[in-house]
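Colleague: Predicted model, plus sequence, below.
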Amino acid sequence: MSFPQDFFWGAATSAYQIEGATREDGRGLSVWDQFAATPGRTYQGETGERAVEHYRRMEQDVALMADLGLTAYRFSIAWPRILPDGVGTVNQPGIDFYDRLVDQLLARNITPVVTLHHWDLPLALFERGGWRNRATADAFADYATTMARALGDRVRWWTTLNEPWCPAYLGYVEGIHAPGVKGDTQAAVDVGHHLLLAHGLATQAMRAVMPAETRIGIALNLFPIFAGDDRPETLRAAERAYRFHTRWFLDPVFRGEYTPGLFDDFGAEPPPIQDGDLKIISTPTDFLGVNYYNRWIVRAGSDLPADGVGTGVEYVTDLPDATFTEMGWEVYPHGLELILEDLTRNYHPRMLLITENGAAFDDTWNGNGRVSDPQRVRYLSEHLRAVGDAMAHGAPVVGYFVWSLFDNFEWAEGYSKRFGLVYVDFATQRRIIKDSGTWYAGFIANQRALHATPPKPPLPR
Ligand code: FCB
């Protein structure tokens, strides 16, 4: 496999999952601080209060990235570190932290890819309605402008939001993510709209203050959907699942419209859309970030409501030949090729970035500098092959980021799920590069060697 010379070889993280230091240097609280501190919300009540102490260990961590040979690093900015109240006074130490991080990365030739919002909404904004309140979208655009002014001279790649599907749906219907509301499909639809609006407003606001070569996009969690059988009602079920898992956020951003039938599937009214909203939401993006983990197979079935797909849709999970990760997600590399090709055909993104792909396995450290994780090596190499196949079929992919650089705070799963290329012994905070990290470093080195200019032959005398 040979990828283009300037292809990004990266790893990804997010602020709340790694930084810790949640009360240091003037950081305000976020919905995730509150949610995780509420009994019964996360695995064993774990929180991101300490996480992997990246806030304190940032310089060493960047050195580790350089050891792995990463050419890009995707991280998120904690909005409550920058604006403790969500709006208003800027907390300079918060800016300074990311400023130093960016400089450290650039000094090591690692391209920063910034995510502005990876779910840690300032608690102060939540108390004023959070994403249910349209004003939160304006607050986001102001925050985006602040960051663009602070880092826009050095950071070229920006994603507005990470997976708005999660705070909308998992946050307001399943209740397993912050803010932990259950069963409010109308809120999910409204929250989704304001997140989309925030994306559009921020894109416009950032473009106004940043150089023309800035690249702005959004990262979505996308799944190829398979019909479990060929009954017409199963095909209808698959369409509903596709609307819910894939088109909900794509259609507004790339087509300037909501998918017909989407709100009916939810059993909800349309969100409060104002004149011009869809135009703002569909402000052209430079790239689409794809977070890929698995596919879904569905069939017509039980009368129980399943997700936002309404009643009558059933997920097929009994797959005797499949392998599953510790998250219970099926390992299905070919799905990555399929989704990339589908996106290219149907949405024509200018560029695609794989902003997340990876797997949790039950890794153990032998106490002696080695973590053997052959399943992750295999997972990564098969998914990279799928990326190569999609590119051979025309998908404009420009980079790949492993989720995740480190083992970290996996949201509701606490520290029980390890996704890292680097193992973290949470008690001592020791970092140990896993075999998959070593493998990935070798893969990157090989790719770079393929493009290295051969030494010039000696001049004839
Ligand atoms: C994605 C999230 C990321 C991480 C992975 C496993 O949905 O964006 O923060 O939790 O899943």
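Modeller: Right, received. Where do you want to start?
Colleague: so what does the host helix or strand of residue 9 touch, helix or strand wise?
Modeller: Using DSSP states H and E, residue 9 sits within strand 8-12. If you count contacts as 3 or more CB pairs under 8 Å, 6 or more residues apart in numbering; DSSP states H and E, strand 8-12 packs onto strand 72-76, strand 111-117, strand 352-357, strand 397-403, helix 435-451. (Glycine included, C-beta is placed from N, CA and C.)
Colleague: now these as a markdown table including distance to residue 41?
Modeller: Shown next, in a markdown table, are those (distance: least, CB to CB, whole Å):
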| stretch | distance to residue 41 |
| --- | --- |
| strand 72-76 | 21 |
| strand 111-117 | 20 |
| strand 352-357 | 23 |
| strand 397-403 | 22 |
| helix 435-451 | 30 |
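Colleague: Mind putting these into CSV with mean neighbour count?
Modeller: As requested, the helices and strands packed on strand 8-12 are arranged in CSV below (neighbours: other CB atoms under 10 Å):
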stretch, mean neighbour count
strand 72-76, 27
strand 111-117, 24
strand 352-357, 26
strand 397-403, 25
helix 435-451, 17
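Colleague: Enumerate the residues of this structure near the ligand.
Modeller: 14, 17, 162, 163, 221, 291, 356, 403, 410, 411, 419 (CB under 6 Å from any ligand atom).
Colleague: For the spatially most central residue of the chain, list the residues it contacts.
Modeller: The residue lying closest to the centre of the chain (CA atoms, centre = their mean) is residue 162, at 4.6 Å. Neighbouring residues of residue 162 by CB atoms under 8 Å, 6 or more residues apart in numbering: 14, 76, 115, 117, 118, 119, 219, 289, 291, 355.
Colleague: could you redo the last one with a cut-off of 10 Å?
Modeller: Neighbouring residues of residue 162 by CB atoms under 10 Å, 6 or more residues apart in numbering: 12, 14, 74, 76, 115-119, 218-221, 289, 291, 355-356.
Colleague: Leaving out the residues flanking it, which one is nearest to it?
Modeller: What sits nearest to residue 162 in space, not counting adjacent residues and going by CB to CB, 6 or more residues apart in numbering, is residue 118, at 4.2 Å.
Colleague: about what we covered before: mean pLDDT added to the helices and strands packed on strand 8-12, as CSV?
Modeller: Shown next, in CSV, are the helices and strands packed on strand 8-12 (pLDDT from 0 to 100):
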stretch, mean pLDDT
strand 72-76, 99
strand 111-117, 99
strand 352-357, 98
strand 397-403, 98
helix 435-451, 97
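Colleague: re earlier: who does the residue nearest to the centre of the chain bridge with?
Modeller: Applying DSSP bridges to residue 162 gives these bridge partners: residue 219.
Colleague: Residue 30 now?
Modeller: Applying DSSP bridges to residue 30 yields these beta-bridge partners: residue 122.
Colleague: Next one: it relative to residue 118, how far apart?
Modeller: Residue 30 sits 10 Å away from residue 118, taking CB to CB, to the nearest Å as the criterion.
Colleague: any shared contact partners between those two?
Modeller: Taking CB under 10 Å, 6+ apart as the criterion, residue 30 and residue 118 both touch 15, 16, 78, 79.
Colleague: Let me know the closest of the residues you listed to the ligand.
Modeller: residue 16 (8.7 Å; CB to the nearest ligand atom).
Colleague: I'd assumed residue 48 was in contact with the residue nearest to residue 162.
Modeller: No. When contacts are counted by CB atoms under 10 Å, residue 118 is not listed as touching residue 48 (11.5 Å).
Colleague: Looking at these two now, which is surrounded by more residues?
Modeller: Counted by other CB atoms under 10 Å, residue 118 and residue 48 do not tie: residue 48 has more neighbours, with 28 against 25.
Colleague: And that one, what's its pLDDT?
Modeller: pLDDT, residue 48: 98.
Colleague: Quick check: phi and psi on it?
Modeller: Main-chain torsions, residue 48, degrees, to the nearest 10: phi -90, psi 20.
Colleague: The one 10 residues further on now?
Modeller: Here the main-chain torsion angles of residue 58 (degrees, to the nearest 10) amount to phi -50, psi -40.
Colleague: right, and it touches residue 97 too?
Modeller: Yes. In this structure, residue 58 is within contact of residue 97 by CB under 10 Å, at 7.4 Å.
Colleague: between those two, who's got more neighbours?
Modeller: Using other CB under 10 Å as the criterion, residue 58 and residue 97 rank with residue 97 on top: 24 against 19.
Colleague: if we can go back for a sec, now do the strand holding residue 9 against strand 72-76, angle only.
Modeller: Using axes from the mean of the first three to the mean of the last three CA atoms, to 10 degrees, the direction of strand 8-12 lies 30 degrees away from that of strand 72-76.
Colleague: Show me what strand 8-12 pairs with in its sheet, parallel or antiparallel.
Modeller: When pairing is defined by DSSP bridges, strand 8-12 lines up against strand 72-76 (parallel), strand 397-403 (parallel).
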